[in-house]
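Student: following is a predicted model, sequence given first.
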Amino acid sequence: MFCTKCGNNIPDGVMFCTYCGNAVKAPVYKEAVQQGAQQQGFNQQGAQQQGFNQRGPQQGFSQQAGSQMGQQPKPLTAEQKKLFKTVGIICAVVIVLSLAVLLFFNLFWTPTVNLNKYVSITSEGYDSIGSASAKFMLEDFTRDYGNKIKFKGASMPDNASSYSCPAEYMFSNYISGSLNNSSNLSNGETITFEWNVDETSIADSFKVKLKYENIDYAVSGLKKADTFDIFSKVNVTFEGSSPNGTVSITNENDDYPVSYWSFVADKDSGLSNGDKITVSVDGDDAMIQECLNETGMIPDSLSKEYEVSGLDSNITKLEQIPDDIMQKMKKQVEDKLESTAASDWEKGIDISKMTYAGAYLLTAKEGVDSEYNNRVILVYAVDVSADTEIDDTNYTGKFGYYYYGEFSNLVLLDDGTVSLDLNNIETPRETVELNTHVESWWSEVVYNFDGYSDLDTLFNKTVVAFKDQYEYESSVDDSIAPQKASGEASSKKVSSGGEIFPDSSSRLLSESEVSRLSKADVQTAINEIYARNGYKFKDKSILAYFEEYDWYDPDTTSQDVAKSRFNSTENANVLLLSEYK
């Protein structure tokens, strides 16, 4: 019969619907009651149908017994009626409880399903190139739980009608799984079936509890095939410099179809000595099967691990730079600065001292596309002296600043030597000012030098500015510093006056005019000739005397050099003056 509320087909005689719990009132008819009474032998005809007739003696009963059976039953006593009533009440209670239990299970009972029971894993093929597959036995699953797994609530999903039962709908939409490895398998290898179950959606839509766990499967039953070492004729070489080395793979196998196979590395760039890479056949199982068909053999392995070696290495630590290379780098920086001073600096401004303070090493960060793999910056404290003329003023002073020379892409070779281009040197692109505080006719005089006034500025410009691209190491001693600036200006030398014989370079002196001089004036007259020819006197008092004149421009400390510049008139006058010393 059918439930009058939900319409589901339910067993005859139940008092509550096994689907929705609605109370069911079964129809009762008079004919059915009479028929039931006849079937229970409550009349003569019923008794005959049960074998209780005049042939009773043939069935083991006497005629007397038969006649007694046909007599009117005795009325029930009070005690019997009470007993029957009690039994009836007990039966009714049992029936009600049974229906209640049945209703409870239909409303609240949740089946528990062990999904692992319905997974079948098989393997086939040849050892080392075998394959495996996993199958969910949906037919068995729906057979066992097609009527046990229910949707929650009165409504069903819109597309549920296209499935045979809620169990099939649940599996098709919310349950899946796969093997973590299904190809190139060997006997004894363990693979795992991994479940992918949408537990949240299942809990929201179904009355069911699921049990499952990943399934380990030991591969077995794969056929054996003859093998060969495919990598015996695969040439793997490494090129470039660490940590940016590359790998080159050449297939030198001659036999078809292996001669046409290609090979790939799991990492083919950014390599350093000591790295491990894996080289593998670039293909699928069909290629291996073709090899088996053509040669009767298969490779004993489809991949091989190699250790990277033979690469040159980019310098990553200052200690890797040999002393002789460091000395060459220092000399290059010092020569560069001295060359700049000689060609670009004003006359009278000179380098008095260069002191090496240390180095910064910048190493390119991994994964950063940088023009330089490394940069080595040698830092110097430079002292400058000034003794120069500015219009009508003399300036003397001292000054100090920081200078550097930068080299890049230093490579450590296998033999321990370092390769670099010493001519590829970078120097400061910014300048530091030396303000003499001397007013010229056009402006206050300032001299510019390539470098930085302090070490912090140099560090920020050369290291901090590139922190996103490079790691750095420093050996710079910040206690090594250039001298502090100091200086003074004085009036320019007079152009003439105070000379004994201003024209002694152009006319011959007479004995009469020389004889009238004191010995001191005679010596001064001789010194005048030497001074005009660039001699720088060692006697400070004499030097100071001639430095008052703008014509005095000393450029040699050698008397012989100065004397070699005398003209014939000057030579004759010096001989004459020397006679009166």
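Tutor: The structure has been received and is ready for your questions. Everything numeric here is computed off the predicted structure, so don't read it as measured data. Residues are numbered from 1 along each chain as shown.

Student: ranges for the strands of the stretch 351-500 of the chain?
Tutor: Remark: strands assigned in the stretch 351-500 of the chain by DSSP state E, counting those that start in this stretch are 374-390, 393-408, 411-412, 418-419, 431-439, 444-450, 470-474, 486-491.

Student: and of these, who's closest to Lys317?
Tutor: Of all the strands of the stretch 351-500 of the chain, strand 470-474 sits nearest to Lys317, with 6.5 Å by Cβ to Cβ. In this view, the C-beta of every residue, glycine as well, is placed from N, C-alpha and C.

Student: which elements pack onto the closest one?
Tutor: Counting contacts by 3 or more Cβ pairs under 8 Å, 6 or more residues apart in numbering; DSSP states H and E, strand 470-474 is packed against strand 349-364.

Student: picking up where we left off before, among the strands of the stretch 351-500 of the chain, which one carries the weakest average confidence?
Tutor: Averaged per stretch, pLDDT over the strands of the stretch 351-500 of the chain is lowest on strand 486-491, reaching a mean of 73.

Student: which parts of the following helix or strand past it are buried?
Tutor: Next helix or strand after strand 486-491 toward the C-terminus (DSSP states H and E): helix 511-515. Residues of helix 511-515 classed as buried: Val514 (neighbour count, 16 or more other Cβ atoms under 10 Å).

Student: also stretch 303-310?
Tutor: For stretch 303-310, the neighbour count (16+ other Cβ under 10 Å) marks 303-304, 306, 308 as buried.

Student: does Ile129 really touch Ala286, like I thought?
Tutor: No. With contact taken as Cβ atoms under 8 Å, Ile129 and Ala286 are classed as non-touching, separated by 10.5 Å.

Student: ok, the two, which is more surrounded?
Tutor: Ile129 (23 against 8; other Cβ atoms under 10 Å).

Student: the strand or helix carrying Glu194: partners in the sheet, and parallel or antiparallel?
Tutor: When elements are assigned from DSSP H and E, Glu194 belongs to strand 190-197. Strand 190-197 has the following strand partners under DSSP bridges: strand 175-179 (antiparallel), strand 215-218 (antiparallel).

Student: of those, flag the one that's most buried.
Tutor: strand 175-179 (a mean of 16; mean count of other Cβ atoms under 10 Å).

Student: chain center to it: distance?
Tutor: Relative to its chain's centre, strand 175-179 lies at 31 Å (Cα atoms, centre = their mean, to the nearest Å).

Student: and if you look at stretch 285-299?
Tutor: With Cα atoms, centre = their mean, you get 39 Å for stretch 285-299.

Student: list the contacts of it.
Tutor: 125-126, 128-129, 131, 183-184, 225-230, 255-258, 261, 281, 302 (Cβ atoms under 8 Å, 6 or more residues apart in numbering).

Student: just the buried ones from the residues you listed?
Tutor: 125-126, 128-129, 131, 184, 225, 228, 230, 258, 261, 281, 302.

Student: okay, now the unreliable bits of this structure?
Tutor: The model of the chain has pLDDT under 70 over residues 1-74, 81, 84, 92-94, 96-109, 154-155, 391-392, 440-442, 489-498.

Student: which residue is nearest the middle of it?
Tutor: Gly367 (7.5 Å; Cα atoms, centre = their mean).

Student: phi, psi of that residue?
Tutor: Phi and psi for Gly367, reported as degrees, to the nearest 10, are phi 90, psi -10.

Student: now the strand holding Glu194: buried residues?
Tutor: 191, 193, 195.

Student: next one: stretch 398-410
Tutor: 398-410.

Student: export it to CSV, keeping only CA atoms.
Tutor: Output in CSV follows, covering the C-alpha atoms of stretch 398-410 (Å, rounded to 0.1, in the frame of the first residue of the first chain):
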residue,chain,number,x,y,z
LYS,A,398,95.0,70.5,2.6
PHE,A,399,92.0,68.5,1.7
GLY,A,400,90.7,64.9,1.9
TYR,A,401,88.0,62.7,0.4
TYR,A,402,87.0,59.1,-0.4
TYR,A,403,87.6,57.5,-3.8
TYR,A,404,87.0,54.0,-5.2
GLY,A,405,87.6,51.7,-8.1
GLU,A,406,85.1,49.0,-9.1
PHE,A,407,85.7,45.7,-10.9
SER,A,408,83.0,43.3,-12.0
ASN,A,409,82.4,39.7,-13.0
LEU,A,410,85.3,38.1,-11.2
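
Student: from the chain's centroid, how far away is it?
Tutor: 34 Å.

Student: same check, this time on stretch 360-370
Tutor: With Cα atoms, centre = their mean, you get 14 Å for stretch 360-370.

Student: repeat for stretch 270-278
Tutor: With Cα atoms, centre = their mean as the basis, the mean position of stretch 270-278 lies at 16 Å from the chain mean.

Student: only C-alpha atoms, please: export it in PDB.
Tutor: These are the backbone C-alpha positions of stretch 270-278, laid out as PDB (Å, rounded to 0.1, in the frame of the first residue of the first chain):
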ATOM      1  CA  GLY A 270      71.300  28.400 -12.600                       C
ATOM      2  CA  LEU A 271      73.700  25.500 -11.700                       C
ATOM      3  CA  SER A 272      76.600  25.400  -9.300                       C
ATOM      4  CA  ASN A 273      79.300  22.900  -8.800                       C
ATOM      5  CA  GLY A 274      78.000  20.100  -6.500                       C
ATOM      6  CA  ASP A 275      74.300  20.500  -7.500                       C
ATOM      7  CA  LYS A 276      72.400  17.300  -8.300                       C
ATOM      8  CA  ILE A 277      70.200  17.100 -11.400                       C
ATOM      9  CA  THR A 278      68.200  14.300 -12.900                       C
END
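
Student: for the remainder of this discussion, apply numbering that starts at 11.
Tutor: Sure, I'll start counting at 11 from here, so that last one is stretch 280-288.

Student: hmm, back to that, from the buried ones among the contacts of stretch 295-309, which land in strands?
Tutor: The strands, defined by DSSP state E, take in 141, 238, 291 from those.

Student: closest one of the buried residues of stretch 408-420 to Phe181?
Tutor: So of those, ranked by how close each gets to Phe181 (Cβ to Cβ), first place is Asn419, at 61.9 Å.

Student: what's the spacing between the closest one and Glu249?
Tutor: 16 Å (Cβ to Cβ, to the nearest Å).

Student: just after the strand holding Glu204, pick out the following helix or strand.
Tutor: helix 209-215.

Student: now that following helix: buried residues?
Tutor: Quick answer for helix 209-215 (16+ other Cβ under 10 Å): 212, 215.

Student: quick one: contacts of the helix or strand following that helix?
Tutor: Later in the chain than helix 209-215, the nearest helix or strand by DSSP H and E is strand 216-217. The list of residues contacting strand 216-217 from outside it, by Cβ under 8 Å, 6+ apart, reads 120-121, 159-162, 176, 180.

Student: same thing but at 6 Å, please
Tutor: Identification of contacts with strand 216-217 by Cβ atoms under 6 Å, 6 or more residues apart in numbering yields 120, 159-160, 162, 180.

Student: setting aside sequence neighbours, what's the nearest residue to Pro332?
Tutor: Val428 (6.1 Å; Cβ to Cβ, 6 or more residues apart in numbering).

Student: repeat that for Lys363.
Tutor: Asp393 (4.2 Å).

Student: partner residues bridging that neighbour?
Tutor: Lys363, Gly410.

Student: and it, how many neighbours?
Tutor: Using other Cβ under 10 Å, Asp393 is surrounded by 18 other residues.

Student: from start to finish, how long is stretch 281-296 in a straight line?
Tutor: One end of stretch 281-296 to the other measures 32 Å (Cα to Cα, to the nearest Å).
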